[in-house]
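>>> give the three-dimensional model of this entry:
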Amino acid sequence: MRFSIIIPVFNRPDELRELLFSLTKQTYTNFEVIVVEDGSRDKADGVVNAFANQLDIRYFFKENTGQGFTRNYGFERAKGDYFVIFDSDALIPSHYFAVVNQRLESGWLDAYGGPDAAHPDFTPIQKAISYSMTSPFTTGGIRGSKKNLGGTFHPRSFNMGLSRKVWETIGGYKLSRMGEDIEFAIRIIERGFKTGLIPEAFIYHKRRTNFGQFFRQLRFFGRARINISRYYPKELKLVHAIPAMFTLFVFSIPVWAIISPILFGLAVGVLLLIAFLILIDATRKEKSVKVGFLSVEAAFVQLTGYGIGFISEGWRRFWEPKGFKETGATIEYPS
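Residues are numbered from 1 along each chain as shown. Just a heads-up that it's a prediction; the model follows:
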């Protein structure tokens with residue numbers, strides 16, 4: 001199996017350097033790397049050139065059109081049998097492609113997804129953010145889960161593979177932002193292609209390095225979920241509204257203090273119980289009390305960030321004319 005790795009890059013040359021270095025350590029090496037610079041100011045061509053003798057790698061620079069269309073640009077130039085998409089802030093374990101190749105040979109998948117994890121060298125905040133994005137106490141627990149909503153696994157483009165046939169059949173991304181990977185996965189499944197999770201094909205996903213960046217990113221994700229409902233109304237499920245309900249609950253606590261001291265006490269007690277459960281679970285998994293406390297903050301940032309984005313975009317959609325579609329052609333990546 002010949003893999004084509006597609007990596008969109010936007011002003012992240014240092015992260016790309018770490019990702020490419022991790023690819024030089026793969027035990028399975030039948031792959032090419034296609035780096036597509038999406039109109040960056042801080043270009044990564046020098047980083048790519050530094051790996052020219054270690055990887056079968058090509059570099060392209062194009063005008064800024066967003067992540068989805070940048071991946072399409074890479075697909076169009078890929079020579080492999082199977083395309084793999086990584087975000088630029090990922091590190092790939094050395095066994096990754098050996099695991100994927102073995103899985104595809106033993107049981108074919110037209111498209112797959114893999115989970116993400118925190119690398120031992122990540123900072124405590126990065127580990128806390130990683131925990132919140134994979135925790136059963138947040139909606140992040142749905143990502144990379146063997147049990148997925150609707151019974152069918154929906155790959156996500158931070159760690160995703162698809163066959164050339166999938167690309168040739170459905171034509172790639174139709175959106176470039178605001179839930180482009182969700183819409184892409186829906187069309188793959190609707191065309192009858194077989195999808196699945198490969199649990200061992202995990203990556204180390206660095207995500208954001210502080211809670212301010214993380215909040216803005218999750219607010220964007222909340223907006224994206226509403227945007228997808230413009231195209232596929234049935235894809236908006238009750239579970240997607242949980243962060244919004246949590247956010248409204250948190251913001252209502254001061255009101256309960258005025259209305260009823262008893263209800264205020266109950267509300268605070270529920271919030272403390274949630275925080276305690278997250279603290280215990282994160283401390284146990286990460287073997288660090290510090291990461292445990294940071295994970296409480298990260299989980300609350302995730303839920304409220306997503307919730308605020310979900311509510312604000314939902315309110316906007318409520319007032320839109322019937323049949324309105326958000327094209328997703330906005331230029332910038334979420335920061």
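
>>> return the set of buried residues in the host helix or strand of I308.
Taking DSSP states H and E as the definition, I308 sits inside helix 289-318. Using 16 or more other CB atoms under 10 Å as the test for burial, helix 289-318 gives 291-311, 313-314. No exception for glycine: its C-beta is placed from N, CA and C like everyone else's.

>>> pLDDT on that helix, on average?
Taken as a whole, helix 289-318 carries a mean pLDDT of 95.

>>> which residue is the nearest non-sequential neighbour of I188?
A111 (5.2 Å; CB to CB, 6 or more residues apart in numbering).

>>> got the contact list for that neighbour?
155, 160-163, 166, 185, 188, 193-195 (CB atoms under 8 Å, 6 or more residues apart in numbering).

>>> apply 6 Å and report the result again.
Going by CB atoms under 6 Å, 6 or more residues apart in numbering, A111 touches 155, 162, 166, 188, 193, 195.

>>> how near is the fifth one to A111?
In this case it means F193. 6 Å (CB to CB, to the nearest Å).

>>> quick check: neighbours shared by these two?
V166.

>>> any chance of JSON lines for the contacts of A111, columns pLDDT, distance to I274 and secondary structure?
JSON lines is the format used below for these (pLDDT from 0 to 100; distance: CB to CB, whole Å; DSSP: H, G, I helix; E, B strand; the rest coil):
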{"residue": "P155", "pLDDT": "91", "distance to I274": "30", "secondary structure": "coil"}
{"residue": "L162", "pLDDT": "97", "distance to I274": "37", "secondary structure": "strand"}
{"residue": "V166", "pLDDT": "97", "distance to I274": "40", "secondary structure": "helix"}
{"residue": "I188", "pLDDT": "96", "distance to I274": "35", "secondary structure": "helix"}
{"residue": "F193", "pLDDT": "97", "distance to I274": "38", "secondary structure": "coil"}
{"residue": "T195", "pLDDT": "96", "distance to I274": "32", "secondary structure": "strand"}
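
>>> show me the contacts for G179.
G179 neighbours (CB under 6 Å, 6+ apart): 224, 227-228.

>>> now do the lowest-mean-pLDDT helix or strand in the chain: distance to the chain's middle.
Within the chain, confidence by mean pLDDT, DSSP states H and E is lowest for strand 116-117 among all helices and strands, at a mean of 88. Centroid displacement of strand 116-117 relative to its chain, using CA atoms, centre = their mean, to the nearest Å, is 10 Å.

>>> with stretch 28-37 instead?
20 Å.

>>> any idea which helix or strand carries Y112?
Short version: Y112 belongs to strand 111-113, going by DSSP H and E.

>>> pLDDT averaged over that strand - what is it?
96.

>>> now swap in stretch 250-265 and tell me
92.

>>> touching that stretch from outside, list them.
With CB under 6 Å, 6+ apart as the criterion, stretch 250-265 contacts A267.

>>> buried stuff in stretch 117-132?
117-119, 122, 124-132.

>>> now do the same end-to-end measure for that stretch.
11 Å (CA to CA, to the nearest Å).

>>> which outside residues touch it?
Here stretch 117-132 has contacts from 91, 138, 140, 202, 204, 206-207, 214, 282, 286, 290-291, 294-295, 298-299, 302, using CB under 6 Å, 6+ apart.

>>> quick one, helices of the stretch 1-150 of the chain?
13-23, 45-50, 67-77, 96-106, 124-132 (DSSP state H, counting those that start in this stretch).

>>> show me what the first one is packed up against.
Translated: helix 13-23. Contacts defined by 3 or more CB pairs under 6 Å, 6 or more residues apart in numbering; DSSP states H and E place helix 13-23 against helix 45-50.
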